[in-house]
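Student: Sequence below, structure please.
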Amino acid sequence: DDLVANSAICRVADQLGKLTYGNGCDFRGNFFLPTVLRRGQLVIAVGSSISHLARQVVLELEEDYGPEWIEYSEGLEKTCARIFAEVPDELERQRLVHQLTSPAMFSMVRSGDTEHWRSQMVAVIARIDSYQEKSLDVALEGETT
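Tutor: Below is the predicted model:
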């Protein structure tokens, strides 16, 4: 860990347009790698030129975003995929996604109130299913006329 040599290497690499990774309080590189917290489909990346700082922030985030977020985020991904594939109206799609990602939903997930956030997700899925039924009704109606 020769600071003078590291600084010189980073300077030359920068002049050549190359990426250099620096770490610590004497950061000399031109990029850094984030520290990542994964909870299913939820990925939180924290970046800092001081990797220990990013690690500490992620440790604190682990308390706020525990394993309960895995099931929620995976269910959310599947439900949103259906929303965007099956709900024709853009404003309705936005409304449904906002309903599933509201502060109230986050509060339910965070508090471990699985039953209530699941029921909210089931209600949205039922709403999506109603679009399928309407589409089928319209198609059948068109065939009979």
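
Student: mind checking how far the spatially most central residue of the chain is from residue 62?
Tutor: When the chain is reduced to its mean C-alpha position, the nearest residue by Cα atoms, centre = their mean turns out to be residue 42, at 3.9 Å. When Cβ to Cβ, to the nearest Å is applied, the distance between residue 42 and residue 62 equals 12 Å. In short, each C-beta sits where N, CA and C put it, glycine included.

Student: With residue 128 instead?
Tutor: From residue 128 across to residue 62, the span is 33 Å (Cβ to Cβ).

Student: which of the two has more neighbours?
Tutor: Neighbours were counted for residue 128 and for residue 62 using other Cβ atoms under 10 Å; residue 128 has more, 17 against 13.

Student: Quick check: closest non-adjacent residue to residue 77.
Tutor: Counting by Cβ to Cβ, 6 or more residues apart in numbering, residue 41 is the residue found nearest to residue 77 once chain neighbours are left out, at 4.4 Å.

Student: Helices of the protein, start to end?
Tutor: Along the chain, counting by DSSP state H, helices occupy 3-15, 51-64, 68-86, 90-100, 103-111, 114-144.

Student: how about those helices in TSV, adding distance to residue 30 and mean pLDDT?
Tutor: TSV is the format used below for the helices of the chain (distance: least, Cβ to Cβ, whole Å; pLDDT from 0 to 100):
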stretch	distance to residue 30	mean pLDDT
helix 3-15	6	82
helix 51-64	16	92
helix 68-86	32	96
helix 90-100	36	96
helix 103-111	36	95
helix 114-144	42	81
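
Student: Out of these, which gets nearest to residue 32?
Tutor: Within these, the stretch nearest residue 32 is helix 51-64; the backing value is 7.3 Å (Cβ to Cβ).

Student: From the contact counts, what lies against that closest one?
Tutor: Judged by 3 or more Cβ pairs under 8 Å, 6 or more residues apart in numbering; DSSP states H and E, helix 51-64 is in contact with strand 35-39, strand 42-46.
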